[in-house]
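**Student:** Next come a sequence and a model predicted from it.
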Amino acid sequence: MANRELRNRNSARLAAVQALYEIEATNASVDPVLTEFLNQRWQDSVTDDDDQPVRIANFDQTLLKEIVEGVSAERASLDQHISGALSDQWTIERLEMLVRAILRAGTYELTSRLEIPARVIISEYIDVARAFFSAKEPALINGVLDKLAKQFRHDETDG
């Protein structure tokens, strides 16, 4: 896979998590938020020091749409899977909203995008978590997605 295509997929996952966060935070419906992201609404609002528009990384629009629509359609089921992978001290409601968005997107891909290796999906969402968090959250994302990968992708994992 070419580096550009890989970056476009990475950017799509990051944008998908942001869209999912916005949908939950504002209680918005999927279609208008997704439309705004697909139209790259933020392109014109980001400027450099000279007040010139900055081109943000392109992203795989098909992947963005698939993740956002898939997570939205399967949210209850995804939340059940995530809840089952959390320790007894945690509930999905107790998780920070952005962590929930990352876990939902990662779980969706683990259960629905079987052509992508589990280790790639987990690594991608750890990177997404690191874009927002520097403390314990990336480790939590890793632990939950790894546990789910062992459950759903047993043939790809050691467990």
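**Tutor:** Arrived safely.

**Student:** The longest helix along the chain: how far from the chain's middle?
**Tutor:** In the chain, assigned by DSSP state H, the helix with the most residues is helix 3-26. The chain centre lies 6 Å from the centre of helix 3-26; the measure is C-alpha atoms, centre = their mean, to the nearest Å.

**Student:** Go through it and flag the buried ones.
**Tutor:** Buried positions in helix 3-26, judged by neighbour count with 16 or more other C-beta atoms under 10 Å: 8-24. Just so you know, the C-beta spots here come from the backbone N, C-alpha and C atoms, and that holds for glycine as well.

**Student:** ok, residue 77 - how many residues close by?
**Tutor:** Using other C-beta atoms under 10 Å, residue 77 has 12 other residues around it.

**Student:** which SSE is it in?
**Tutor:** helix 75-85 (DSSP states H and E).

**Student:** in which helix or strand would I find residue 31?
**Tutor:** Per DSSP H and E: helix 30-38 holds residue 31.

**Student:** which parts of the next helix or strand after that helix are buried?
**Tutor:** Note on helix 30-38: by DSSP H and E, the next helix or strand toward the C-terminus is helix 61-73. Neighbour-count burial for helix 61-73, counted by 16+ other C-beta under 10 Å, picks out 61, 63, 64, 65, 66, 67, 68, 70, 71, 72.

**Student:** where does the first one land on pLDDT?
**Tutor:** Listed pLDDT for residue 61 reads 86.

**Student:** which ones are touching the closest residue to it other than its chain neighbours?
**Tutor:** Nearest non-adjacent residue to residue 61, counting by C-beta to C-beta, 6 or more residues apart in numbering: residue 38, 5.6 Å away. Under the criterion of C-beta atoms under 8 Å, 6 or more residues apart in numbering, the neighbours of residue 38 are 61, 64, 65.

**Student:** separation between residue 38 and residue 134?
**Tutor:** 30 Å (C-beta to C-beta, to the nearest Å).

**Student:** Same question for residue 8.
**Tutor:** From residue 8 over to residue 134 (counting by C-beta to C-beta), the distance is 25 Å.
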